[in-house]
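[1] Okay, structure incoming, though there's no sequence with it:
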């Protein structure tokens, strides 16, 4: 029998076995940590890219165009996984919670910037649970008017808005999206009262614009350009800092008198926060190479977008600037998704 002051001794053989088991356990790193020191060993299996939207949309078409080219450079299959739902929240949450070191995804304004301001509860924290890899594209929106409207310039539109407050309607793909917030930014910067009409998607809103049931709309280039070219709607301005190559005759909103106006629907790539820096750097390098591919550049630029690229740090600074810009606009308009 032992007393409290006398230590109990383990048989030497058992002690050696336990020590060996502990050493073996410590030598088995988790999946992301296994590549923390040397990204050349990564990837060891197929890479998954989560698109937090349904197939066929803006993010999905970019993801599928880029996936094969990323695969060629990594030497592993790259699988696009559409996880639509809740305005991008469902898929973005899946990216944030991935722990296998081989799952990443695409990020856009809603899930990464504005949803945290519009929703009281999210299953993830965009700034804590995700880290930037690369900003892929900035896609300006085109301020267009219905064919039954007589406005020739942005000044004409704003004069009408000030003469008859609360009468000019604009459509969007839904509350809190790029179409909607661009309209709110215009109202915020020009101190006008514009009436937002949300739709369940951009297509029905665009159809009502062409039908003359809305006065104007901020629309993505890939959907607006065909209608503009067919004279079904009229382009007054673009929301970017510079004119678009595909619409060189259309001024920017800043040129049209709304000084400093800029609003884009952008797309980037993000990783779970637990991803080792070496893997983030490797993916950043590969995607920068892919963005130089003529087919990828043509897909983006022909629809009015701008190829960006750059470092993870540059994308991080861009996200900080977006949060600083949209916060006052959302608070001023008292917009919520709850």
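    Done, it's in. This structure is a prediction, so every number in the text was calculated from the model and none was measured.
[2] ok, longest strand in the protein?
    Determined from DSSP state E, the single longest strand within the chain is strand 130-145.
[3] Just give the strands next to that one in its sheet, each with its orientation.
    Within its sheet, strand 130-145 is paired with strand 216-220 (antiparallel), strand 234-238 (antiparallel), strand 264-272 (antiparallel), strand 306-307 (antiparallel), according to DSSP bridges.
[4] Can you say which of those is packed in most?
    The highest average neighbour count among the strands paired with strand 130-145, using mean count of other C-beta atoms under 10 Å, belongs to strand 216-220 at a mean of 26. All C-beta atoms are positioned from the backbone trio N, CA, C, and that covers glycine.
[5] Tell me which helix or strand comes right after that one.
    Next along the chain after strand 216-220, taking DSSP states H and E as the criterion, comes helix 221-229.
[6] before we move on, back to that, C-terminal to the longest strand of the chain, what's the next element?
    helix 154-163.
[7] contacting residues around that following helix?
    143, 145, 150-151, 167-168, 190, 192-194, 215-216, 236-237, 251, 253, 256-258 (C-beta atoms under 8 Å, 6 or more residues apart in numbering).
[8] In terms of helices and strands, where is the closest residue to residue 75 other than its chain neighbours?
    Leaving aside its chain neighbours, residue 75 sits nearest to residue 43 (7.8 Å; criterion: C-beta to C-beta, 6 or more residues apart in numbering). For residue 43, there is no enclosing helix or strand under DSSP H and E.
[9] Report the contact partners of residue 43.
    Applying C-beta under 8 Å, 6+ apart, the residues near residue 43 are 74, 75, 76, 101, 102.
[10] Show me where the stretch 101-250 of the chain dips below the pLDDT cut-off.
    Along the stretch 101-250 of the chain, the model assigns pLDDT under 70 to no residue.
[11] got the contact list for the longest helix along the chain?
    The residue-count maximum for a helix in the chain (DSSP state H) belongs to helix 312-333. Contacting residues not belonging to helix 312-333 are listed as 109, 112-114, 117-118, 131-135, 181, 184-185, 187-188, 266, 268, 280-281, 284 [C-beta under 8 Å, 6+ apart].
[12] Just the buried residues of those.
    109, 112-114, 117-118, 131-135, 181, 184-185, 187-188, 266, 268, 280, 284 (16 or more other C-beta atoms under 10 Å).
[13] Next one: the residue positioned nearest the centre of the chain relative to residue 161, how far apart?
    Nearest residue to the geometric centre of the chain (C-alpha atoms, centre = their mean): residue 108, 1.0 Å. Residue 108 sits at a distance of 29 Å from residue 161 (criterion: C-beta to C-beta, to the nearest Å).
[14] cool, residue 291 as well?
    In this view, residue 291 and residue 161 are 39 Å apart by C-beta to C-beta.
[15] do you know how far the closest residue to residue 60 other than its chain neighbours is from residue 163?
    Excluding the flanking residues, the one nearest residue 60 by C-beta to C-beta, 6+ apart is residue 51, at 5.1 Å. In this view, residue 51 and residue 163 are 44 Å apart by C-beta to C-beta.
[16] Check residue 265 too.
    Applying C-beta to C-beta, the value for residue 265 to residue 163 is 30 Å.
[17] What are the structural domain limits within this structure?
    45-139+264-333, 142-238 (automatic domain parsing).
[18] name the element the residue lying closest to residue 52 once chain neighbours are set aside belongs to?
    If the residues on either side of it in the chain are set aside, residue 52 comes closest to residue 91, at 2.6 Å by C-beta to C-beta, 6+ apart. For residue 91, the enclosing helix or strand under DSSP H and E is helix 89-97.
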